[in-house]
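# Here is a sequence with its predicted model. Questions after.
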Amino acid sequence: MGHLDHASFGWLTPVLSYAMACTGAALGLRCTVRALGATGRARRNWLLAAASAIATGIWTMHFVAMLGFSVSGTEIRYDVPLTILSLLVALLVVGAGVFAVGYGRGRGRALALGGLTTGLGVASMHYLGMAALRLHGSVRYDPMLVALSVAIAVVAATAALWAGLNIKSPVAVVGASLVMGGAVSSMHYTGMLAVSVRVSPSATALPGAAVMQFVFPLAVGLGSYLFLTSAFVALSPTAREREATAAAQRPVGSTAH
């Protein structure tokens, strides 16, 4: 059995991956709040932004954490198409969950459906990302820990969507995003605890891309997207602020007809 190290760079990758998850959650929640206060095309656009933020945060969290993953006795590479597929799956299923909540008529039913869909999608993203691993050996999973990680993903996703529906103030969003970041990180590391590797030493070159060749640049790019979009959302006026500006610009004494 190969010895697994989930933090070969010390606390750097766990802390940085947690920060990515929190940033994605905070941005997604703020975009959801903006969406619920908008109508028509504006609502759709804010929901798309929310879905991309949450999915990007979760995916980036996973692969930043994986930067610190190593197995004694073998190098690790990643299958590029499967890695990209895991990102697309995250975007699609998180989008489905967010839109279910954003346009659902019955909040309770929409929340349950959206939470289940999004949670299963997050878990699928995680295990697709793990399926992209290429190493000299075989990977096995503890079924109980896998089931626990999926349950955590569903609960975390449902809580995130509930927060998007019910939490409005920026301070509350920050608190909720810290909790959500912890939940997503817990799901990831629970899933990683389920992993065991039987190493089969070989001189054969592994297929796929090294982590620093592909995963690291992609994670940096998506992380930059999160921070730039966060700045844009923070600086863009809310619906209430736009209404106040419009009211201030009306001529004194004018009345609506």
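It's in.

# Tell me the predicted confidence for Val154.
Note for Val154: predicted pLDDT of 90.

# For it, identify the helix or strand it belongs to.
In the assignment (DSSP states H and E), Val154 maps to helix 143-166.

# Give me the buried positions along the next helix-or-strand element following that helix.
Where DSSP H and E defines the elements, the next helix or strand beyond helix 143-166 is helix 170-193. Buried residues in helix 170-193, defined by neighbour count with 16 or more other CB atoms under 10 Å: 173, 176-177, 180-181, 183-193. Quick note: C-beta positions are derived from backbone N, CA and C, even for glycine.

# by how many degrees do the following helix or strand past helix 170-193 and helix 143-166 diverge?
Downstream of helix 170-193, the first helix or strand assigned by DSSP H and E is strand 195-199. Relative orientation of strand 195-199 versus helix 143-166 (axes from the mean of the first three to the mean of the last three CA atoms, to 10 degrees): 140 degrees.

# Point out the other elements, helices or strands, that strand 195-199 touches.
Applying 3 or more CB pairs under 8 Å, 6 or more residues apart in numbering; DSSP states H and E, we find strand 195-199 packed against strand 4-5, strand 137-141.

# Tell me the strands beside the shortest one, with direction?
This means strand 4-5. strand 70-71 (antiparallel) (DSSP bridges).

# Work out for me the element the spatially most central residue of the chain sits within.
The residue lying closest to the centre of the chain (CA atoms, centre = their mean) is Ile58, at 2.0 Å. Using DSSP H and E, the element containing Ile58 is helix 40-66.

# Out of the buried residues of helix 170-193, the closest to Asn166 would be?
Here the nearest of the buried residues of helix 170-193 to Asn166, counting by CB to CB, is Ala176; it sits at 9.3 Å.

# Name the nearest residue to that closest one, ignoring sequence neighbours.
Take Ala176 and drop its neighbours on the chain: the residue closest to it by CB to CB, 6 or more residues apart in numbering is Ala163, 4.2 Å away.

# ok, now Pro207?
In space, Pro207 is closest to Arg134, 5.7 Å off (CB to CB, 6+ apart).

# Verify the stated contact: Glu206 with Asp79.
One correction, residue 206 is Leu, not Glu. No - here Leu206 does not reach Asp79: they are 10.1 Å apart, not a contact under CB atoms under 8 Å.

# For the stretch 1-150 of the chain, which residues score under the pLDDT cut-off?
Applying pLDDT under 70 to the stretch 1-150 of the chain flags residues 1-2, 105-106.

# thinking Gly208 is in contact with Val80, fair?
Yes - the pair Gly208 and Val80 qualifies as a contact (CB under 8 Å) at a distance of 6.6 Å.

# With distance to Phe99 and mean neighbour count as extra columns, can I get the helices and strands packed on strand 195-199 in TSV?
Written out in TSV, the entries for the helices and strands packed on strand 195-199 read as follows (distance: least, CB to CB, whole Å; neighbours: other CB atoms under 10 Å):
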stretch	distance to Phe99	mean neighbour count
strand 4-5	38	14
strand 137-141	31	14
